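[1] Using only what follows, build the 3D model:
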Amino acid sequence: MNRIIKFKAFHNGKMIYRGLHDRNWYTSDNKLVQGVHPLDYHNLKVMQFTGYKDIDGKEIYEGDILGDWNDCDGKMVESRQTVYFDESLGCWMLDQSLNQDQTYSSSLFENLNDFLYKIVGNIYENAELLVKVS
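    Numbers count the residues shown, from 1 in each chain. Below you'll find the predicted structure:
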C-alpha cells in the first residue's frame, strides 16, 4: 500500500503542515514555521490527511467541513458535513447528522464517489459554518 501520510495543525491562528517523517512544520507556501517545539504539541489541533481530494483537487483532512449543493423544496441549499476518523470502523467518515454529533455518518470514500463535495472550511477556523440545532 502506497499511502501518503501527512498532517496539518491549527497553530497561533493559522494552518501549518508537515509530513510523517519531517520534524518541521511549514506554512501553506512552504515557509518554515518557527516556535513549534515537539514538547508543545498538546497545544496543536492536529489533523491527518485522509488520502482523498475534493472536487477542486484540494486535499481533505480530518476536521475539514465539506459542502455540496442539493435541491430542497425548489431551492438550492448547501449541506455541510465534518470529516472524522472512526476508530471502531477503521475508516474516514462524513458526519451527516443534523447537529454534527456523529449520530448519523457514512463512509467518506463512498460519499466522494457519489457526490461533488468541496472543502468549505474546517472545524477550527470556521466552526460557525456548522449550524447546531437546539
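[2] Buried residues, the helix or strand bottoming out on mean pLDDT in the chain. List them.
    Using mean pLDDT, DSSP states H and E, the weakest-scoring helix or strand in the chain turns out to be strand 14-19, at a mean of 85. In terms of neighbour count (16 or more other CB atoms under 10 Å), strand 14-19 has its buried residues at 15-18. All C-beta atoms are positioned from the backbone trio N, CA, C, and that covers glycine.
[3] Relative to residue 106, how far out is residue 60?
    In this view, residue 60 and residue 106 are 15 Å apart by CB to CB, to the nearest Å.
[4] Neighbour count for these two, which is higher?
    Between residue 60 and residue 106, counting by other CB atoms under 10 Å, residue 60 is the more crowded of the two (21 against 13).
[5] Let me know the helix or strand that the more buried one is in.
    strand 59-61 (DSSP states H and E).
[6] mean confidence score for that strand?
    On average, the pLDDT along strand 59-61 is 96.
[7] And for stretch 90-103?
    Stretch 90-103 shows a mean pLDDT of 92 in the predicted model.
[8] Same question for stretch 72-84.
    Per-residue pLDDT values over stretch 72-84 give a mean of 89.
[9] Let me see the residues that make contact with it.
    Contact with stretch 72-84 is made by 50, 60-71, 92-96, 100, 102, 105, 108, 120, 123, 129-131, as judged by CB atoms under 8 Å, 6 or more residues apart in numbering.
[10] returning to that earlier point: how far away from the center of its chain is the least confident helix or strand of the chain?
    Here the centre of mass of C-alpha atoms in strand 14-19, compared against the chain's by CA atoms, centre = their mean, to the nearest Å, lies 13 Å away.
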